[in-house]
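[1] One predicted model, sequence on top.
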Amino acid sequence: MYSKRIDKIVSKIPQCNLLADIGCDHGYIGVSALRQGIAKKCLFSDISAPSLNKAKLLCQKLGLDDRAEFFVGDGTQKIDYADCVVIAGMGGRETIDILKNCKFAPDYFVLQPMKNLYEVREYVAQHYHIIYDKITFDKKFYNLLVLGKGQDTLTEMQKHFGKTNLEQKHDDFVSFVRCEIAKTKKLLNKKPDNQKMVDKLALLTSVEKELEK
Ligand SMILES: C[S@@+](CC[C@H](N)C(=O)[O-])C[C@H]1O[C@@H](n2cnc3c(N)ncnc32)[C@H](O)[C@@H]1O
């Protein structure tokens, strides 16, 4: 087990022949998927050669070399095809750029963007079907999305908060909403006329009311 975050990401990777771990860094995601037999083979790719080297060394140490290939490149640039592509731990806008520049159509994408979730959801709904979009707590809050082929239509609330969270009203989501309310109120105490924060608080409060139903 590398971390609850990594385990959660790997648990959402569908069984596949060929996985691509984009922005792999240490390679924990691809390595976990290989070791658990979720992927038969993994293509590890990173824009940074020293980062990719960490994944290479880990695969060598664990005897996984014959099921792994390594590429230095931007996004999926060096990869021709994978059944499933994971893009985790990058900013939302970087994640969108990688999706836009991907030249093949995998069956699934598993995304764990760190920021700009509204933008990510707005973009992916136009190009993919959102199978899963749920927040998890592991020292911080992390959003995890699984995309399949197709398209989606999201309400404003779903773009802000993720459709699985709103459907399941689970504990980590309730904690997230409460934390965001507390943070926003603190900011508003310092700057009460910050309209963006006033609007954010109204939105969060309306979700909190929904969660209490
Ligand atoms: C914070 S690490 C995330 C590592 C791993 N995916 C995870 O979730 O634990 C981000 C990695 O993405 C790589 N990266 C950043 N932009 C990239 C891009 N456009 N294409 C490929 N890799 C990129 C960085 O070099 C770094 O190794």
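    Now that the structure is in, tell me what you want to look at. Worth saying up front: this structure is predicted, and the values here are computed from it rather than measured.
[2] Got the domain ranges for this structure?
    What the record gives for the chain is the domain set 4-153, 172-212, from automatic domain parsing.
[3] okay, how far is it across the longest one, tip to tip?
    Terminal residues of domain 4-153 lie 30 Å apart, using Cα to Cα, to the nearest Å.
[4] Do me a favour and average the pLDDT over it.
    The average pLDDT within domain 4-153 is 98.
[5] distance between that domain and the chain's centre?
    Chain-centre distance of domain 4-153: 8 Å, with Cα atoms, centre = their mean, to the nearest Å.
[6] for this protein, what's the longest helix?
    Taking DSSP state H as the assignment, the helix of the chain that covers the most residues is helix 171-190.
[7] which strands and helices sit next to that one?
    Using 3 or more Cβ pairs under 8 Å, 6 or more residues apart in numbering; DSSP states H and E, the elements in contact with helix 171-190 are strand 128-138, strand 140-149, helix 195-212. From N, CA and C alone the C-beta is placed, and that goes for glycine too.
[8] and of the domains of the chain, who's closest to the ligand?
    Smallest distance to the ligand across the domains of the chain (Cβ to the nearest ligand atom): 2.8 Å, for domain 4-153.
[9] what about residue 40, is that helix, strand or coil?
    Applying DSSP: H, G, I helix; E, B strand; the rest coil to residue 40 yields a three-state assignment of strand.
[10] Just the buried positions in the longest helix of the chain, please.
    172-173, 176-177, 180-181, 184 (16 or more other Cβ atoms under 10 Å).
[11] got it, and stretch 92-103?
    By neighbour count on 16+ other Cβ under 10 Å, the buried set for stretch 92-103 is 92, 94-96, 98-99, 102.
[12] can you redo the domains of the chain as TSV with distance to residue 162?
    Converted to TSV, those look like this (distance: least, Cβ to Cβ, whole Å):
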stretch	distance to residue 162
domain 4-153	4
domain 172-212	8
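[13] Would you tell me which of those gets closest to residue 164?
    With Cβ to Cβ, the closest approach to residue 164 among the domains of the chain belongs to domain 4-153: 4.1 Å.
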